[in-house]
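Asker: Provide a 3D model corresponding to the input given below.
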Amino acid sequence: MWQRLIPMILLAGPAAAESPIAEVLCAPRAEIVARLSGATITGSGLRDAEAVLEVWARPSGDWVLVQSYANGTACILAMGEAWEASTPPPA
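Answerer: Below you'll find the model as predicted:
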């Protein structure tokens with residue numbers, strides 16, 4: 001899963017045994033987006049006036065939660081597998 005992120009995760013420092021990401025990983029947004037090649041944004045929303053949360057997913061179900069800031073920085077907050085897109089029920 002997300003083989004291209006593994007080198008970045010290893011450079012971030014020691015990881016906890018129960019989580020593939022022990023720390024939040026931040027880099028310029030363009031670098032994060034380049035590492036997510038093959039994934040598409042499946043959902044997004046404003047966190048506040050300076051940040052947007054995005055869920056990037058691949059057809060395989062692997063997903064990454066990215067927070068992008070107005071200053072051009074982005075951070076990977078979480079990642080996992082078995083993502084399923086859902087449609088909201090009719091109002």
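Asker: which residues in this structure form helices?
Answerer: 6-11, 29-35 (DSSP state H).
Asker: lowest average pLDDT across these?
Answerer: Here the lowest mean pLDDT among the helices of the chain goes to helix 6-11, at a mean of 44.
Asker: so where do the strands sit in this protein?
Answerer: Along the chain, counting by DSSP state E, strands occupy 25-28, 40-48, 51-57, 63-69, 73-80.
Asker: what is the rounded mean pLDDT of the longest one?
Answerer: This points to strand 40-48. On average, strand 40-48 scores 94.
Asker: shaky segments in the protein?
Answerer: 1-22 (pLDDT under 70).
Asker: make it 50
Answerer: 4, 6-17 (pLDDT under 50).
Asker: including mean neighbour count and distance to T87, could the strands of the chain go into a markdown table?
Answerer: In short, each C-beta sits where N, CA and C put it, glycine included. Output for the strands of the chain, formatted as a markdown table (neighbours: other CB atoms under 10 Å; distance: least, CB to CB, whole Å):
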| stretch | mean neighbour count | distance to T87 |
| --- | --- | --- |
| strand 25-28 | 16 | 31 |
| strand 40-48 | 11 | 12 |
| strand 51-57 | 18 | 15 |
| strand 63-69 | 19 | 17 |
| strand 73-80 | 18 | 21 |
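Asker: make CSV out of the ones you listed and add distance to A91.
Answerer: Putting those into CSV (distance: least, CB to CB, whole Å) gives the following:
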stretch, distance to A91
strand 25-28, 38
strand 40-48, 18
strand 51-57, 23
strand 63-69, 27
strand 73-80, 29
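Asker: which of the ones you listed sits closest to P88?
Answerer: strand 40-48 (11.1 Å; CB to CB).
Asker: what strands line up against the closest one, and which way round?
Answerer: Sheet pairing of strand 40-48 (DSSP bridges) gives strand 51-57 (antiparallel).
Asker: give me the angle between the strand it pairs with and strand 63-69.
Answerer: 160 degrees (axes from the mean of the first three to the mean of the last three CA atoms, to 10 degrees).
Asker: so strand 51-57 versus strand 73-80, what angle?
Answerer: 40 degrees.
Asker: what's near enough to touch the residue nearest to A85 when sequence neighbours are not counted?
Answerer: Distance criterion CB to CB, 6 or more residues apart in numbering; nearest residue to A85, sequence neighbours excluded, is T42 at 5.5 Å. The neighbours of T42, taking CB atoms under 8 Å, 6 or more residues apart in numbering as the test, are V55, W56, A57, W63, W83, A85.
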